[in-house]
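Novice: structural data only, the sequence is not supplied:
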């Protein structure tokens with residue numbers, strides 16, 4: 001696996017994280033990706049839901065830019081077989097040397113993902129065992145052609161101690177999502193000094209605290225309702241029923257989402273870096289989640305980038 005310094009130096013200290021590309025036409029995605037690169041951000045991270053698949057989105061972003069790193073955050077292992085992920089990653093690494101990072105996560109089990117298409121997927125165990133088996137299968141795929149040099153680094157969407165341990169053992173590091181600064185400090189202790197740690201940080205760039213907290217609360221509530229592993233993680237960090245049941249508390253919302261002016265957001269990013277993160281990818285939340293927050297990306301750039 002690529003070492004921590006190589007991954008960190010490639011991505012820089014601050015990047016962009018977004019789901020919003022999925023709902024945009026390809027031409028608009030190319031245009032905005034080129035602007036993000038020119039603003040000086042180190043990386044573009046993108047999610048995968050039911051819009052563009054992670055491989056197609058990577059090709060679109062990489063072909064529209066020249067230098068910036070592009071990272072899947074994450075490629076869902078429930079969406080494709082290991083052989084498809086392994087061969088696509090090699091191809092992206094060969095076509096765009098040193099510019100692609102594979103982030104892996106999700107659950108390869110019979111769950112809500114496959115309620116969409118009705119396709120049966122055999123459960124191979126709990127999350128850590130499933131991910132280990134998926135990585136074993138990827139690594140066993142033979143190569144019948146040129147290999148990328150360097151090989152694209154991979155990181156795991158790791159929250160709990162066991163998955164963080166696997167990220168240190170079998171990947172370049174971890175990509176935690178929906179986490180407060182306290183989790184970053186814990187993750188660094190578990191990962192040790194040599195693994196890469198790239199943390200997602202949700203933000204609302206709005207100096208009206210009522211309006212900003214309303215957007216932030218909707219974001220936190222959605223994940224608590226839809227993702228049991230996210231609720232389990234915040235409970236591990238000391239949040240209880242008073243913070244979760246009946247809607248997220250202000251304490252939990254403020255821990256997960258930074259809001260206010262650009263300086264307030266810069267301080268939160270700095271806290272993650274001081275706690276042990278190598279890289280922070282900022283997810284801008286707005287009242288219209290399908291819209292591209294390009295205005296906010298422009299406004300944040302002078303505060304977040306050296």
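Specialist: Ah, there it is. Not measured: the values here are computed from a predicted model.

Novice: all helices for the stretch 201-306 of the chain, in order.
Specialist: 209-226, 228-236, 241-244, 250-256, 262-275, 294-304 (DSSP state H, counting those that start in this stretch).

Novice: among those helices, which is nearest residue 65?
Specialist: Closest to residue 65 of these, according to C-beta to C-beta: helix 294-304, at 14.2 Å. (Each C-beta comes from the backbone N, C-alpha and C, glycine too.)

Novice: residues making contact with that closest one?
Specialist: Residues from elsewhere that reach helix 294-304 (C-beta atoms under 8 Å, 6 or more residues apart in numbering): 14, 16, 32, 35-36, 39-41, 203, 205, 262-263, 265-266, 269, 282, 284, 286.

Novice: separate out the buried members of the residues you listed.
Specialist: 14, 16, 32, 36, 39, 41, 203, 205, 262, 265-266, 269, 282, 284, 286 (16 or more other C-beta atoms under 10 Å).

Novice: what about residue 129, how many neighbours?
Specialist: The tally of other residues near residue 129 (other C-beta atoms under 10 Å) stands at 12.

Novice: that one and residue 107: what is the separation?
Specialist: 11 Å (C-beta to C-beta, to the nearest Å).

Novice: so where's this structure shaky on pLDDT?
Specialist: 108-125 (pLDDT under 70).

Novice: mind listing the strands for it?
Specialist: 14-18, 43-46, 69-72, 75-76, 100-105, 154-156, 173-174, 196-205, 257-260, 279-284 (DSSP state E).

Novice: on that earlier part again, closest one to residue 100 among the helices of the stretch 201-306 of the chain?
Specialist: Distance to residue 100, taken as C-beta to C-beta, is lowest for helix 294-304 among these, at 21.0 Å.

Novice: chain center to that closest one: distance?
Specialist: 19 Å (C-alpha atoms, centre = their mean, to the nearest Å).

Novice: go on, stretch 176-195?
Specialist: For stretch 176-195, the distance to the chain centre is 14 Å (C-alpha atoms, centre = their mean).

Novice: cool, and stretch 183-196?
Specialist: Taking C-alpha atoms, centre = their mean, one finds stretch 183-196 lying 16 Å from the centre of the chain it belongs to.

Novice: which non-adjacent residue is nearest residue 252?
Specialist: Spatial nearest neighbour of residue 252, excluding adjacent residues (C-beta to C-beta, 6 or more residues apart in numbering): residue 243 at 4.3 Å.

Novice: same question, residue 81
Specialist: Closest to residue 81 by C-beta to C-beta, 6+ apart is residue 137, at 7.9 Å.

Novice: so that neighbour sits against residue 77, correct?
Specialist: No - using C-beta atoms under 8 Å, residue 137 is not in contact with residue 77; the gap is 9.9 Å.
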